[in-house]
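*Asks:* Just need the structure, nothing else, for what follows:
(one chain, ligands or ions: 1)
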Amino acid sequence: MSQDRNNETLLSASSRADIDRWVEKYPDEQRQSAVMAALRIAQDQNGGSLTTEWMDEVADYLQMPAISVYEVATFYSMYELKPVGKHKLCVCTNISCMLRNSKGVVDHLQDKLGIGLGETTEDGLFTLKEVECLGACVNAPVIQVGEQYHEQLDPEKIDKLLNDLRSEG
Ligand code: FES
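*Replies:* Numbers count the residues shown, from 1 in each chain. Coordinates of the predicted model:
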């Protein structure tokens with residue numbers, strides 16, 4: 001299994017070490033419990049999305065059926081099964097954000113970026129994604145970019161955010 005083919009795996013040594021830290025949290029016979037963390041780590045290493053090959057790598061590394069990994073990767077919205085832009089703008093449109101004009105946020109972003117929800121800009125810089133509650137309802141409306149939340153958004157804040165992200169490249 002994975003130990004026999006470490007040199008062939010898509011997973012880098014650093015990714016394998018990260019996954020191992022999660023695996024260690026569970027009993028030996030439950031290493032598949034690390035599947036969500038492992039998929040996130042694999043996705044990060046692959047530039048923000050997963051392919052069948054990467055999901056198979058995770059299945060192999062965790063010694064679990066590939067179909068079980070596919071089930072997790074296709075169920076949760078944080079996993080991407082097609083390439084995304086460098087910056088993934090996750091716009092919450094759930095109830096609290098909806099009541100605080102998340103539609104205006106989506107409209108403004110679509111207008112500024114020239115793309116719709118689920119699409120990526122031609123320069124590969126931005127992907128716009130609609131997500132469920134981000135758990136920051138008190139500061140709605142909210143966008144998540146990477147591990148960062150941007151809250152109480154209005155058009156000016158959105159424009160500044162896009163400019164900042166563009167200047168990062
Ligand atoms: S509804 Fe948007 S963060 Fe909770």
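
*Asks:* How much space separates residue 151 from residue 40?
*Replies:* Applying Cβ to Cβ, to the nearest Å, one obtains 23 Å for the distance of residue 151 from residue 40. Any C-beta I mention is one placed from the backbone N, CA and C, and that applies to glycine too.

*Asks:* what's the domain layout of this structure?
*Replies:* The record's domain split for the chain, according to automatic domain parsing, is 2-75, 87-168.

*Asks:* pLDDT (mean, whole number) over stretch 21-39?
*Replies:* Taken as a whole, stretch 21-39 carries a mean pLDDT of 96.

*Asks:* buried residues in it?
*Replies:* Of all the residues in stretch 21-39, those buried under the rule 16 or more other Cβ atoms under 10 Å are 22, 23, 31, 32, 33, 34, 35, 37, 38, 39.

*Asks:* Repeat that for stretch 106-125.
*Replies:* By neighbour count, and taking 16+ other Cβ under 10 Å as the criterion, the buried residues in stretch 106-125 are 106, 108, 109, 113, 115, 120, 125.

*Asks:* Do a quick rundown of the strands in this structure.
*Replies:* Under the criterion DSSP state E, the chain contains strands at 87-92, 126-131, 143-145, 148-150.

*Asks:* Regarding the chain, what is its longest helix?
*Replies:* In the chain, taking DSSP state H as the definition, the longest helix is helix 155-168.

*Asks:* Now do it: which elements does it pack against?
*Replies:* In this structure, helix 155-168 packs against helix 102-113, strand 143-145, with contacts taken as 3 or more Cβ pairs under 8 Å, 6 or more residues apart in numbering; DSSP states H and E.

*Asks:* Mind listing what's buried along that helix?
*Replies:* Within helix 155-168, the residues scored as buried using 16+ other Cβ under 10 Å are 158, 161, 162, 165.

*Asks:* One more: stretch 93-105?
*Replies:* Across stretch 93-105, burial judged by 16+ other Cβ under 10 Å covers 93, 94, 96, 97, 100, 102, 105.
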